[in-house]
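> how would this look folded up:
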Amino acid sequence: MEQTTEKGICFRLGEERYVHPLSNIKEVLSYQSPAPVPGAREGVEGMIDVRGHMVTVLYGTYLLNLDPAECEEEGHIIVLDLPSGYFGIRVESVERVMDLPEKNDIQGLEYREHSCIKGTLQHANELYILVEFDQYCSTLD
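Purely as a prediction, here's the structure:
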């Protein structure tokens, strides 16, 4: 019996590289300016229509507590398909898809606490921060 390897999508914000599991990623879009949403909570950039589905677009820098001034222009939107709806995470660039290691090969992250950050992993001599935005997005109304 063949073992299935989970895959993740690698993206960059500022000097850091991140990876998010592919399991609930619907697609990756080139950046398009969202329509603002009056009264939206902090971190929400707006809404876009993706093939008839309304997608709430969130700033990746806000989600990960990064200084937007340290990031170049965020150029892609990673669209998540969650039970609570469609959410887009605005990131600087999307680099590739890679295999994720077994859970026991993921290291804890001691220098930065955040509910979206699950740990770190080494791949091809690069450090990646493993993130999962599902839980955060499901708390938005």
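
> Just the buried positions in stretch 89-101, please.
Of all the residues in stretch 89-101, those buried under the rule 16 or more other C-beta atoms under 10 Å are 89-92, 94-95, 98, 100-101. For every residue, glycine as well, the C-beta is placed using N, CA and C.

> Any idea how far apart the tips of it sit?
Start and end residues of stretch 89-101 are separated by 23 Å (C-alpha to C-alpha, to the nearest Å).

> Please compute how far stretch 60-78 lies from its chain's middle.
10 Å (C-alpha atoms, centre = their mean, to the nearest Å).

> what do you get for stretch 116-136?
Computed by C-alpha atoms, centre = their mean, the chain-centroid distance of stretch 116-136 equals 10 Å.

> Could you list the residues in contact with that stretch?
8, 10, 16-21, 24, 58, 63-64, 80, 82, 87, 89, 98, 100-101, 105-109, 115 (C-beta atoms under 8 Å, 6 or more residues apart in numbering).

> Pull that stretch out as PDB, backbone CA atoms only.
The C-alpha trace of stretch 116-136 is given here as PDB (Å, rounded to 0.1, in the frame of the first residue of the first chain):
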ATOM      1  CA  CYS A 116      -2.100  30.400  12.700                       C
ATOM      2  CA  ILE A 117       1.600  29.200  13.100                       C
ATOM      3  CA  LYS A 118       2.000  25.500  13.700                       C
ATOM      4  CA  GLY A 119       5.800  25.100  13.600                       C
ATOM      5  CA  THR A 120       8.800  25.200  11.300                       C
ATOM      6  CA  LEU A 121      10.400  22.800   8.800                       C
ATOM      7  CA  GLN A 122      13.600  22.700   6.800                       C
ATOM      8  CA  HIS A 123      13.500  22.000   3.100                       C
ATOM      9  CA  ALA A 124      16.400  22.400   0.700                       C
ATOM     10  CA  ASN A 125      18.400  24.400   3.300                       C
ATOM     11  CA  GLU A 126      15.500  26.900   3.600                       C
ATOM     12  CA  LEU A 127      13.400  27.400   6.800                       C
ATOM     13  CA  TYR A 128       9.600  27.400   6.200                       C
ATOM     14  CA  ILE A 129       7.000  28.400   8.700                       C
ATOM     15  CA  LEU A 130       4.000  26.000   8.600                       C
ATOM     16  CA  VAL A 131       0.700  27.900   8.900                       C
ATOM     17  CA  GLU A 132      -2.900  27.000   8.800                       C
ATOM     18  CA  PHE A 133      -5.500  29.800   8.400                       C
ATOM     19  CA  ASP A 134      -8.600  27.600   8.600                       C
ATOM     20  CA  GLN A 135      -9.300  28.100  12.300                       C
ATOM     21  CA  TYR A 136      -8.800  31.900  12.100                       C
END
